[in-house]
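A.B. asks: Next one to model:
(one chain, ligands or ions: 1)
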Amino acid sequence: MPTYDFIIVGAGSAGCVLANRLSANGRHKVLLLEAGGHDLNVWIWMPIGYGKTFYNSHVNWMYQTEPDAGTGGRRSYWPRGKVLGGSSAINAMVYIRGHSSDFDGWERLGNPGWGWQDVLPYFKRSETNDLGGDALRGGDGPLHVSTMERDLHPLCDTFIQAGTQRGQSRNTDFNGQTNEGFGLYQNTVRDGLRMSAARAYLRPARKRKNLQVETHAHATRILFEGKKAVGIEYEQHGKRIQAFASNDVILSAGAINSPQLLQLSGIGPASLLSKLDIPIVHDAPGVGQNLQDHLCIDYLYRSRVPTLNNQLHPWWGKLLHGLRYVLTRRGPLSLGVNQAGAFIRSRDGLEKANMQLFFSPVSYTKAPPGKRPLMNPDPFPGFLLSAQPTRPTSRGHLEIRSSDPFEAPAIHPNYLSTGHDVDEMMEGAAFLRKLAAAPALAEVIEAELAPGPHVLSPEDLLTDIRQRAGTVFHPAGTCRMGPDAGADVVDHRLRVHGIDGLRIVDVSIFPTLTTGNTNAPAIMVGEKASDLILEDNQGT
Ligand SMILES: Cc1cc2nc3c(=O)[nH]c(=O)nc-3n(C[C@H](O)[C@H](O)[C@H](O)COP(=O)(O)OP(=O)(O)OC[C@H]3O[C@@H](n4cnc5c(N)ncnc54)[C@H](O)[C@@H]3O)c2cc1C
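C.D. replies: Residues are numbered from 1 along each chain as shown. Below you'll find the model as predicted:
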């Protein structure tokens, strides 16, 4: 009967951090289970390969949500990483921590130890910034974060100039003193190769004798003795295997799969579990609730000047840039798609930015459904401006459909279900048009292709948003951290309420979404959790 001190389910952004930190002292025996396979895949390592992993079921769970009224009855496509590194192996690599008030807000919701001053050391501990460390940035952590300036498309400067013409400031570090203003994104990339959590944290720990990593190991249920979690059952190559943990079982399976595994194991809303004939271990109504996501609207422009489309559409451009990348790891293939961006206040009277903007100097509107061919962009010069409200108030939920651990859960995003969220999306869209009309951008824009100049009235603008807005891939909150043993799922030490020996460590514990992208805060959660877990297991 294989027994470990800790079993971690999921080798994603947070799970890889845990695997490294919990095995570092050599005293604890750690088992890491990952449903996906290894990450030796050129499209994972080459940043532009993002377009190739986006619809690849070998490395991606490829979820579809239920039809959602907020987005005109459409289903949304939700990619999630299913490979060592999890979603950090297939994401767009933008590095944003969030606003200090996000974490102070988590603390105010009853989570001592999660305020900004508490979590900042963990952000710093995780990071090596290529500009070096200082009071805010990390200088010697495992996760390399790079400024991409030397290879960025020149239109990024045009975008930033347009922002300043609209009265916004220029920001040289969105993770510095303030996130507000227009600037360039930093990416989780090192030497032209993606810096996933697996590369940053797992690779350096793989040789440790006390860390066992199992791939293609799909956790199917948590094993209990009464109300204590004692192990995991998983399926690997057609075999059901049980492994036991003397200290903690830790779920780091992400915002969809952590609540799914809890529900499958009998921890969830009693009514749901009874309906599906799943024996109830603990009635936990909050499991799968509080689902939050960032939604974004893209405006597409035809450009008078060359964009990345001109470089990457022709066959000779692909050859040239492919050769350049192979020889130097430089050029457009070494970059993410969202090169510049901004944080702005979309209306007067706000205390801080409520809107994130993205600028992408490439477009791929002619792609057939199911393809995102970044290496085969539109045959005309085009670029995208995008707006994403940062702190949505709409809340969705997810639930398993059956007791089958291989059946995807039903995901109900409930997008745009509050007046606040509708208003902010409209404000974001209005700002994009205002930005496009600023002299620097107006000079290079030939035409607005989507939604198009005929879409003008508030009714038409909202219809367009409902028809075209899409996820920015940040679902979170489905196992919310908080003090209420009924509505919240874990306490501030990430222990599942009502159950011994079980923790959750991933973006599902976020009480609220952070202001920006979610990979950096997921890694921070892994870092902080590792200290909490080691503190609570000092004698072992
Ligand atoms: C397409 C895309 C683009 C994105 N772009 C950005 C970006 O530019 N910047 C940014 O900051 N964030 C971005 N994100 C979001 C960010 O990557 C995620 O929020 C973050 O990686 C989530 O970390 P996690 O640890 O919660 O889960 P994940 O990293 O998703 O890890 C969960 C892991 O658990 C495994 N797992 C699940 N179920 C089981 C099971 N039953 N048994 C065993 N293993 C299991 C999964 O296979 C996966 O490896 C993007 C995400 C996607 C999908």
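
A.B. asks: how about the residues of the stretch 51-200 of the chain near the ligand?
C.D. replies: Listed as neighbours of the ligand in the stretch 51-200 of the chain under the rule Cβ under 6 Å from any ligand atom: 79, 80, 81, 82, 86, 87, 88, 90, 91, 92, 93, 94. Every C-beta, even on glycine, is put in place using the N, C-alpha and C of the backbone.

A.B. asks: same deal with the chain?
C.D. replies: 9-15, 33-36, 79-82, 86-88, 90-94, 218-219, 252-255, 257, 261, 473-474, 506-507, 517-520, 522.

A.B. asks: Show the buried residues in the residues you listed.
C.D. replies: Buried members of these, scored by 16 or more other Cβ atoms under 10 Å, are 9-15, 33-36, 79-82, 86-88, 90-94, 218-219, 252-255, 257, 261, 473-474, 506-507, 517-520, 522.

A.B. asks: Show me the residues of the stretch 51-200 of the chain next to the ligand that map onto helices.
C.D. replies: Applying DSSP state H to those, no entry is found in helices.

A.B. asks: can you tell me which two in these are farthest apart?
C.D. replies: 82 and 94 (21.0 Å; Cβ to Cβ).

A.B. asks: Next up, the contacts around the closest residue to the ligand within the chain.
C.D. replies: In the chain, the residue that lies nearest the ligand is residue 12 (1.7 Å; Cβ to the nearest ligand atom). In this structure, residue 12 makes contact with 81, 85, 86, 87, 88, 197, 252, 253, 254, 506, 522, judged by Cβ atoms under 8 Å, 6 or more residues apart in numbering.

A.B. asks: change it to 10 Å
C.D. replies: Residue 12 makes contact with 34, 36, 80-89, 196-198, 252-254, 257, 506-507, 519, 522-523, 526, according to Cβ atoms under 10 Å, 6 or more residues apart in numbering.

A.B. asks: Kindly report the same for residue 79.
C.D. replies: Residues near residue 79 by Cβ under 10 Å, 6+ apart: 50, 53-56, 59-63, 87, 90-91, 372, 471, 473.

A.B. asks: which of those are buried?
C.D. replies: Counted by 16+ other Cβ under 10 Å, the contacts of residue 79 give 50, 53-54, 56, 59-63, 87, 90-91, 372, 471, 473 as buried.

A.B. asks: how close does residue 320 sit to residue 517?
C.D. replies: Applying Cβ to Cβ, to the nearest Å, the value for residue 320 to residue 517 is 31 Å.

A.B. asks: In its sheet, which strands sit next to the strand ranked longest in the chain, and in what direction?
C.D. replies: Secondary structure of the chain read by DSSP state E shows that its longest strand is strand 239-251. Taking DSSP bridges as the criterion, strand 239-251 forms sheet pairs with strand 3-9 (parallel), strand 228-236 (antiparallel), strand 502-504 (parallel).

A.B. asks: The longest one - what's its average pLDDT?
C.D. replies: This means strand 228-236. Averaged across strand 228-236, pLDDT comes to 98.

A.B. asks: how far is it from where the chain is centred?
C.D. replies: 26 Å (Cα atoms, centre = their mean, to the nearest Å).

A.B. asks: in the helix or strand where residue 182 lies, what counts as buried?
C.D. replies: If you go by DSSP states H and E, residue 182 is part of strand 181-184. By neighbour count with 16+ other Cβ under 10 Å, strand 181-184 contains the buried residues 181, 182, 183, 184.

A.B. asks: likewise stretch 400-415?
C.D. replies: Of the residues in stretch 400-415, 400, 403, 405, 408, 409, 411, 412, 413, 414, 415 count as buried by neighbour count, 16+ other Cβ under 10 Å.

A.B. asks: Among the residues you listed, which pair sits farthest apart?
C.D. replies: 403 and 415 (28.6 Å).

A.B. asks: Return the distance of residue 324 relative to residue 334.
C.D. replies: On the measure of Cβ to Cβ, residue 324 and residue 334 end up 9 Å apart.

A.B. asks: which of the two has more neighbours?
C.D. replies: residue 334 (24 against 15; other Cβ atoms under 10 Å).

A.B. asks: Make sure I have this right: residue 263 is in a helix.
C.D. replies: Yes: counting by DSSP: H, G, I helix; E, B strand; the rest coil, residue 263 falls inside a helix.

A.B. asks: residues in contact with the closest residue to it other than its chain neighbours?
C.D. replies: Leaving out its chain neighbours, the residue that sits closest to residue 263 by Cβ to Cβ, 6 or more residues apart in numbering is residue 400, at 4.7 Å. Contacts for residue 400 were tallied using Cβ under 10 Å, 6+ apart; they are 259-264, 268, 272-273, 276, 278, 288, 407-410.

A.B. asks: can you give me phi and psi for residue 400?
C.D. replies: phi -70, psi 150 (degrees, to the nearest 10).

A.B. asks: And the one 4 residues further on, by the same measure?
C.D. replies: Geometry field for residue 404 lists phi and psi as phi -80, psi 120, criterion degrees, to the nearest 10.

A.B. asks: returning to that earlier point: so which one among the buried ones among the contacts of residue 79 has the lowest pLDDT?
C.D. replies: residue 372 (63).

A.B. asks: And what about the closest residue to residue 497 other than its chain neighbours, helix, strand or coil?
C.D. replies: Using Cβ to Cβ, 6+ apart and skipping residues adjacent in sequence, the residue nearest residue 497 is residue 485, 4.1 Å away. Following three-state DSSP, residue 485 is assigned to coil.

A.B. asks: quick one: which of the buried ones among the contacts of residue 79 sit in helices?
C.D. replies: Per DSSP H, these map to helices at 50, 53.

A.B. asks: Pick the one among the buried ones among the contacts of residue 79 closest to residue 212.
C.D. replies: For those, the nearest to residue 212 is residue 59 (21.8 Å; Cβ to Cβ).

A.B. asks: quick one, what contacts that closest one?
C.D. replies: Residue 59 touches 36-39, 41, 43-44, 52-53, 79, 81-86, 89-90, counting by Cβ under 10 Å, 6+ apart.

A.B. asks: Contacts only, for the closest residue to residue 96 other than its chain neighbours.
C.D. replies: Ranked by Cβ to Cβ, 6+ apart and with sequence neighbours excluded, the top spatial neighbour of residue 96 is residue 516, at 3.3 Å. Going by Cβ under 10 Å, 6+ apart, residue 516 touches 94-99, 102, 174-175, 179, 185, 294, 341, 343, 353, 356, 388, 390, 472, 474.

A.B. asks: Check what pLDDT residue 516 gets.
C.D. replies: 98.

A.B. asks: Which positions in the helix or strand residue 103 falls within come out as buried?
C.D. replies: Residue 103 belongs to helix 100-108 when assigned by DSSP H and E. Residues 100, 102, 103, 104, 105, 106, 107 are the ones in helix 100-108 that count as buried (16+ other Cβ under 10 Å).

A.B. asks: I'd like those as TSV, with pLDDT appended.
C.D. replies: As requested, those are exported to TSV (pLDDT from 0 to 100):
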residue	pLDDT
100	98
102	98
103	98
104	98
105	98
106	98
107	98
